[in-house]
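[1] my questions concern the predicted model and sequence given below.
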Amino acid sequence: MANNLIPAADPDRLETWAKYHKRLCDTCQATCCQLPVEIKLDDLIRLGILDDFARDEPLKNLAKQLKKQGVIEHFNQKKELFTITRLANNDCYFLDTKTRRCTVYTNRPNTCRNHPQIGPRPNFCAYRPK
């Protein structure tokens, strides 16, 4: 009988990532939610963190405000990308620590919506069983 267990991935070693299929998410620790997440202004508006009037503000000023609030940890002005804050254990700011599920799933950023089709290793994920 074949062993169907998938070993735990090391998020920093892409060769350890598992071929993605939807059922993996149900038994995973949400390792993808520990990777840095870069988002755009539209994502921040969809999340309800900023409103449409933010479009008129310089992104650098918004980044300063969001860093102060603890929502973002970095802003890349050249690419106009914000990096969502991760907690001390590397969990995403929006990950529920008990359920290991996204608290903003319906409004999640495009980066998350497109993972793992787009990412460091397309169609693979850093699966770690619960």
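    Great, that's in hand. Numbers count the residues shown, from 1 in each chain.
[2] these two touch, right, Gln29 and Ala126?
    No. Applying Cβ atoms under 8 Å, one finds Gln29 not in contact with Ala126, separated by 9.5 Å. Heads up, the C-betas are built off the backbone N, CA and C, glycines and all.
[3] what bits of the protein have low per-residue confidence?
    Residue ranges of the chain with pLDDT under 70: 1-6.
[4] so where do the strands sit in this protein?
    18-19, 38-39, 72-76, 81-84, 124-125 (DSSP state E).
[5] can you tell me which of these comes nearest to Asp12?
    Closest approach to Asp12 among the strands of the chain (Cβ to Cβ): strand 124-125, 13.7 Å.
[6] the closest one pairs with which strands, parallel or anti?
    Sheet partners assigned to strand 124-125 using DSSP bridges are listed as strand 18-19 (antiparallel).
[7] residues touching the partner strand, excluding its own?
    6, 9, 24, 123-127 (Cβ atoms under 8 Å, 6 or more residues apart in numbering).
[8] quick one, which of Gln29 and Ala126 is more surrounded?
    Ala126 (27 against 15; other Cβ atoms under 10 Å).
[9] so what's that one up against?
    Here Ala126 is in contact with 9-11, 16-18, 31-32, 34-35 (Cβ under 8 Å, 6+ apart).
[10] before we move on, the earlier item: do you know which of the strands of the chain lies nearest Arg46?
    Smallest distance to Arg46 across those (Cβ to Cβ): 9.3 Å, for strand 38-39.
[11] nearest residue to the most centrally placed residue in the chain other than its sequence neighbours?
    Of all residues in the chain, the one closest to the mean position by Cα atoms, centre = their mean is Val37, 4.1 Å from it. Excluding the flanking residues, the one nearest Val37 by Cβ to Cβ, 6 or more residues apart in numbering is Ile84, at 4.5 Å.
[12] pretty sure the one you found contacts Tyr93?
    Yes. If you go by Cβ under 8 Å, Ile84 and Tyr93 touch, sitting 5.3 Å apart.
[13] now the common contact residues for the two.
    Overlap of the contact sets of Ile84 and Tyr93 (by Cβ under 8 Å, 6+ apart) consists of Val71.
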